[in-house]
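only geometry, no sequence info:
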């Protein structure tokens with residue numbers, strides 16, 4: 001008999017995972033405690049922007065014409081418990097307010113609600129990013145409150161916003177932390193298709209599986225902050241960080257990915273994950289092992305302030321000056337503005353007296369909710385109209401393809417500051433702009 005799958009939590013991770021499991025041929029039931037979210041998903045729509053996700057949902061959500069009907073959504077824990085053989089827990093683990101540690105309350109609540117309603121022999125699979133040691137604790141909770149033979153596995157997610165559908169259907173690796181051959185066998189059955197296509201299937205214990213995600217994000221954050229530290233040195237030494245990154249990136253031990261200097265990383269994963277990792281290391285008595293992550297975090301936050309100072313220097317102060325900010329999301333191909341460096345810079349300039357107008361292809365609604373006092377425009381052209389300086393802060397393709405000659409006709413002053421080192425400086429200068437970029441004093 002084919003496995004039936006449930007997905008607990010239908011946010012960014014859960015909605016994508018549920019749709020992908022249906023695409024892989026499983027009957028899937030998604031649960032969320034927010035009725036409005038369930039109503040939206042049941043019509044094939046999602047409360048966030050993720051390329052390809054709504055199209056995937058439309059192929060499988062029950063009740064949509066032409067769909068397979070393999071995917072349904074509910075708010076009922078009883079229905080989920082009676083339905084599923086394998087239950088994926090995909091709820092959020094945000095950073096605690098005023099602390100580095102992550103908030104496990106959503107995960108704990110999900111396990112507490114699910115455990116007594118499970119069928120004997122069910123497999124619960126954690127996908128949320130959690131502090132190492134959480135799986136062992138949650139396994140104890142299941143042993144105490146769930147029926148007999150219920151097991152736990154841990155299967156961390158490695159989704160990139162903007163590429164989540166592909167990353168779920170064609171993962172670059174599948175990591176499973178298990179304590180029995182049966183749990184491993186069930187997860188191999190779930191992931192039969194991607195494994196057959198060549199995705200590596202890595203079997204570990206609980207702690208290692210939990211550490212994989214935080215270790216990976218810590219490494220990526222370190223690489224980004226390293227090149228941004230080199231940008232600071234280049235600015236002091238009159239070097240070019242873009243050429244530096246190109247040169248060292250040819251070393252296959254280093255590689256070129258994540259070596260673009262700019263205003264740093266943000267979003268809902270990297271910042272909170274490295275902070276939670278540091279907090280957990282302290283609890284385990286090995287805080288010195290991760291003290292370098294404090295500097296990684298510090299470098300990252302410092303780049304935002306540096307962008308503000310670069311803008312202040314270019315404008316001779318902010319009072320009475322109009323600043324156009326291109327970009328609100330923390331990265332392109334997403335509407336996620338959580339801990340967005342672009343919005344942080346825009347907000348700082350606004351607080352210091354600048355008249356800031358923001359445009360982003362997908363993040364406008366979320367940005368307005370977070371920073372309602374900023375001005376917003378419906379296009380890049382409208383955002384830069386009358387601007388004394390234009391700041392490029394999120395590397396959307398739309399911005400790279402802008403015609404600087406056209407924009408030059410509507411600005412007050414042709415000054416562009418490239419906070420992502422993604423624009424063609426020669427093209428902008430040829431159109432009469434003063435082009436400045438981070439880590440490239442001669443650019």
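Yes, it's here. It should be emphasised that the depicted structure is a prediction, and the values quoted were computed from it without experimental measurement.

ok, residue 90 - contacts?
7, 8, 9, 10, 11, 13, 14, 17, 127, 128, 157 (Cβ atoms under 8 Å, 6 or more residues apart in numbering). Heads up, the C-betas are built off the backbone N, CA and C, glycines and all.

again, but for residue 377
So residue 377 contacts 324, 357, 358, 359, 383, 385 (Cβ under 8 Å, 6+ apart).

re the thing from before, least confident of the contacts of residue 90?
Note: of the contacts of residue 90, the lowest pLDDT belongs to residue 11, at 92.

Not counting residues beside it along the chain, what's closest to it?
The shortest distance from residue 11 to any non-neighbouring residue, by Cβ to Cβ, 6 or more residues apart in numbering, is to residue 92 (6.0 Å).

quick one: what helix or strand has the one you found in it?
Using DSSP states H and E, residue 92 maps to neither a helix nor a strand.

go on, residue 306?
Going by DSSP H and E, residue 306 is part of helix 292-315.

what does residue 436 give?
Residue 436 belongs to strand 434-437, assigned by DSSP H and E.

chain center to that strand, what's the gap?
29 Å (Cα atoms, centre = their mean, to the nearest Å).

Identify each buried residue in it, please.
435, 436, 437 (16 or more other Cβ atoms under 10 Å).

in the helix holding residue 306, what counts as buried?
Buried, per 16+ other Cβ under 10 Å, within helix 292-315: 293, 296-297, 299-304, 306-308, 310-312, 314-315.

Show me which of the contacts of residue 90 is closest to residue 55.
Closest approach between the contacts of residue 90 and residue 55, by Cβ to Cβ: residue 17, at 16.0 Å.

thought that closest one was touching residue 167?
No. Assessed by Cβ atoms under 8 Å, residue 17 is found out of contact with residue 167, at 10.5 Å.

what about the two, which has more around it?
residue 17 (24 against 17; other Cβ atoms under 10 Å).

which SSE is that one in?
Counting by DSSP H and E, residue 17 is part of helix 12-23.

Output the contacting helices and strands for the next helix or strand after that helix.
Downstream of helix 12-23, the first helix or strand assigned by DSSP H and E is strand 27-31. For strand 27-31, the elements it packs on are strand 4-8, helix 12-23, strand 71-74, helix 77-83, judged by 3 or more Cβ pairs under 8 Å, 6 or more residues apart in numbering; DSSP states H and E.

Would you state the helices of the stretch 101-250 of the chain in chain order?
Ranges of helices in the stretch 101-250 of the chain, per DSSP state H, counting those that start in this stretch, are 105-114, 134-145, 164-169, 181-190, 192-196, 206-237, 241-249.

Could you do the stretch 301-443 of the chain as well?
341-351, 364-370, 380-384, 397-400, 404-408, 425-430.

so where's the protein shaky on pLDDT?
By pLDDT under 70, the low-scoring segments of the chain are 1.

Nearest to residue 364 among the helices of the stretch 101-250 of the chain would be which one?
Of those, the one closest to residue 364 (Cβ to Cβ) turns out to be helix 164-169, at 20.9 Å.

rewinding a little: now tabulate the helices and strands packed on strand 27-31 in JSON lines and tack on distance to residue 139.
JSON lines is the format used below for these (distance: least, Cβ to Cβ, whole Å):
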{"stretch": "strand 4-8", "distance to residue 139": "16"}
{"stretch": "helix 12-23", "distance to residue 139": "21"}
{"stretch": "strand 71-74", "distance to residue 139": "26"}
{"stretch": "helix 77-83", "distance to residue 139": "18"}
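
So which of those is nearest residue 389?
helix 12-23 (33.5 Å).

ok, residues contacting that closest one?
Contacts of helix 12-23 (Cβ under 8 Å, 6+ apart): 5, 7-8, 10, 28, 30, 32, 41, 46, 48, 50, 53, 56-57, 59-60, 68, 70-71, 73, 88, 90-91, 127-128, 157, 159, 161, 164-165, 168-169, 190, 336.

And that helix, what's buried?
Those would be 12, 13, 14, 15, 16, 17, 18, 19, 20, 21, 22, 23, for helix 12-23 by 16+ other Cβ under 10 Å.

Quick one, which of the helices and strands packed on strand 27-31 gets closest to residue 276.
Across the helices and strands packed on strand 27-31, closest to residue 276 is helix 12-23 (Cβ to Cβ), at 16.2 Å.

Specify the angle between that closest one and strand 27-31 in degrees.
Per axes from the mean of the first three to the mean of the last three Cα atoms, to 10 degrees, the angle that helix 12-23 makes with strand 27-31 is 160 degrees.

Could you give the separation of helix 12-23 from the chain centroid?
16 Å.

That helix versus helix 181-190: what angle between them?
Using the same axes, to 10 degrees: helix 12-23 against helix 181-190 is 70 degrees.

Count the neighbours of residue 176 for me.
Neighbours of residue 176 (other Cβ under 10 Å): 21.

Repeat that for residue 122.
Neighbour number of residue 122 under other Cβ under 10 Å is 22.

And the one 4 residues further on, by the same measure?
The tally of other residues near residue 126 (other Cβ under 10 Å) stands at 29.

need the contact list for it.
Contacts of residue 126 (Cβ under 8 Å, 6+ apart): 89, 107, 134, 135, 138, 152, 153, 154, 155.

if you set the cut-off to 6 Å instead, what comes out?
89, 154 (Cβ atoms under 6 Å, 6 or more residues apart in numbering).

swap in the one 4 residues further on?
Taking Cβ under 6 Å, 6+ apart as the criterion, residue 130 is in contact with 93, 210.

can you tell me how far it sits from residue 12?
17 Å (Cβ to Cβ, to the nearest Å).

residues near the nearest residue to residue 405 once chain neighbours are set aside, how many?
Nearest non-adjacent residue to residue 405, counting by Cβ to Cβ, 6+ apart: residue 431, 4.4 Å away. Residue 431 has 17 neighbours, counted by other Cβ under 10 Å.

Could you list the buried residues of stretch 156-168?
Buried residues in stretch 156-168 (16+ other Cβ under 10 Å): 156, 157, 158, 159, 161, 162, 164, 165, 167, 168.
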